[in-house]
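>>> sequence first, predicted model second:
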Amino acid sequence: LTVQSLRDCVIHAAHAGHIDNQGVTQSLLAKLDAAQAALDRGQPAVAVNNLNAFVQAVQAQAGKHIAVEHAAHLVMHAQQVIDALGQP
């Protein structure tokens with residue numbers, strides 16, 4: 001699992017209507033883009049911080065602009081990416 005696969009998941013969720021607010025979608029994608037940029041710079045700890053911010057944003061919007069079950073999936077997916085980066 002990668003940041004890119006998580007990004008694809010967010011885009012799919014938005015297209016499918018699981019995320020019903022364009023601003024929320026853009027905010028989530030910005031956090032993932034920042035995480036990818038950090039990885040590209042060789043800063044996995046910074047990437048993990050961005051991914052944790054993504055998780056917090058998803059949790060904050062669950063049941064509001066993100067369908068609850070889809071929010072849970074996004075959080076799980078993000079946690080798997082964080083685990084794959086091997087950061088505490």
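Ah, there it is.
>>> list the buried residues of the helix or strand where residue 27 lies.
Assigned by DSSP states H and E, residue 27 belongs to helix 22-40. Using 16 or more other Cβ atoms under 10 Å as the test for burial, helix 22-40 gives 24, 25, 28, 29, 31, 32, 34, 35, 36, 38, 39. (Each C-beta comes from the backbone N, C-alpha and C, glycine too.)
>>> ok, now which ones touch the residue most central in space within the chain?
Geometric centre of the chain, nearest residue: residue 54, 4.6 Å, by Cα atoms, centre = their mean. Applying Cβ atoms under 8 Å, 6 or more residues apart in numbering, we find residue 54 in contact with 6, 28, 31, 32, 35, 78.
>>> let me know the pLDDT of it.
Per-residue confidence (pLDDT) for residue 54: 98.
>>> pLDDT below threshold where in the protein?
Applying pLDDT under 70 to the chain picks out residues 87-88.
>>> what ranges does it have for its helices?
Secondary structure of the chain (DSSP state H): helices at 3-16, 22-40, 44-61, 68-85.
>>> got a list of what the residue nearest to residue 61 when sequence neighbours are not counted touches?
Distances taken as Cβ to Cβ, 6 or more residues apart in numbering place residue 24 nearest to residue 61, at 5.5 Å, with adjacent residues excluded. By Cβ under 8 Å, 6+ apart, residue 24 lies in contact with 57, 61, 65, 66.
>>> which one of those has the most neighbours?
residue 66 (28 neighbours; other Cβ atoms under 10 Å).
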